[in-house]
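Q: structure for the following, please:
(chains A and B)
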Amino acid sequence: AQKVTQAQTEISVVEKEDVTLDCVYETRDTTYYLFWYKQPPSGELVFLIRRNSFDEQNEISGRYSWNFQKSTSSFNFTITASQVVDSAVYFCALRGETSGSRLTFGEGTQLTVNP
Amino acid sequence: EPEVTQTPSHQVTQMGQEVILRCVPISNHLYFYWYRQILGQKVEFLVSFYNNEISEKSEIFDDQFSVERPDGSNFTLKIRSTKLEDSAMYFCASSASRTGSYGYTFGSGTRLTVV
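A: Take a look at the predicted model:
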C-alpha cells in the first residue's frame, strides 16, 4: 500500500520568508516516483517536479528547492523568499512500481503568503 | 506548452441525472486518467485507461461510472445517475508512459455540482 502524509494542514507566512512544506511517504516498492503539484485558488493542478527513487540529488528551480531523503522517506519542498502568488494548496504525490499507474496524493498543505 | 483540456469547467446537474465530462488529452500521450477531489479534500484516483480499455480502477469507480474514448481525441467520464456525494472537482490527466516517468499532466478540472 502507498501512503503520503503532509502533516501541515495550513501554513501562513509573511512575504519574503522562506517556507518548507513537509512530505513523508510510505511504500514497499524499491522503484517509485514522487511528485509535487500546486493548486492555486483557480483550482487547476500545476505540475512542479517529479523525482524517481534512484535519484536522491536535491533540486533547485529558481526560488523552489526539493530535498529528497530516502533514509527518512521524505520529499520536502522549500520556497525561498515567498511571494503572495505562491499562495495555494500544495500536494505531494507518489506512484510506486507495483501500484499500477495511479498516483496517491497527500492531504495537501494550504500555504498563505501575506503581504 | 501542450495541455489537457476539460469541458465544461463547471456543471450543475440534478440528482439522478446522467452527466458526461469531457477531456482532450495531450495528443501524443497514450495513458489517460480521471481523478476526483471532493471540496477541501485530497485528490483521489478513479480510473486509468490505455489502449481503449480500463487498465486500473479504484474502489470509488463503481458501476455508475464509465469511461470512453469515442474518437481519436476525446476521453469522457460518464456518471450514470448522479448522487449528491458525486459533487466534486473532476480532473482528467494524461501521460506519455505508464510509469509517469515523464510526468502526469492534469487538466483544469470540471467542477460538478449535484443538487
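Q: name the nearest residue to the most centrally placed residue in chain B, ignoring sequence neighbours.
A: Against the mean C-alpha coordinate of chain B, by CA atoms, centre = their mean, the closest residue is residue B:34 at 3.0 Å. Nearest residue to residue B:34, sequence neighbours excluded (CB to CB, 6 or more residues apart in numbering or on different chains): residue B:46, at 4.3 Å. For every residue, glycine as well, the C-beta is placed using N, CA and C.
Q: now swap in residue A:35 and tell me
A: residue A:93 (4.3 Å).
Q: so what touches the helix or strand that contains the one you found?
A: Assigned by DSSP states H and E, residue A:93 belongs to strand A:88-96. For strand A:88-96, contacts defined as CB atoms under 8 Å, 6 or more residues apart in numbering or on different chains pick out A:2-4, A:6, A:21, A:23, A:25, A:27-29, A:31-41, A:45, A:48, A:75, A:77, A:101-106, A:108-111, B:42-43, B:99-100.
Q: re earlier: and the residue nearest to residue B:34, what is it in contact with?
A: Counting by CB under 8 Å, 6+ apart, the residues that residue B:46 touches are B:33, B:34, B:35, B:36, B:57, B:58, B:60, B:61, B:65, B:77, B:90.
Q: which positions in chain A make contact with chain B?
A: Residues of chain A lying near chain B by CB under 8 Å from any CB of the partner chain: A:33, A:35, A:37, A:42-47, A:50, A:52, A:91, A:93, A:95, A:97, A:100-108.
Q: just the buried ones from those?
A: Among the residues of chain A next to chain B, the ones that count as buried by 16 or more other CB atoms under 10 Å in any protein chain shown are A:33, A:35, A:37, A:43-45, A:50, A:91, A:93, A:95, A:101-108.
Q: which of the residues you listed fall in helices?
A: Per DSSP state H, helices hold no members of these.
Q: ranges for the strands of chain A?
A: Per DSSP state E, chain A carries strands over the ranges A:3-5, A:10-14, A:19-21, A:24-26, A:32-39, A:46-52, A:59-61, A:64-69, A:74-79, A:88-96, A:104-105, A:109-114.
Q: packed most tightly, which of those would that be?
A: Greatest average neighbour count among the strands of chain A goes to strand A:88-96 (a mean of 24), per mean count of other CB atoms under 10 Å in any protein chain shown.
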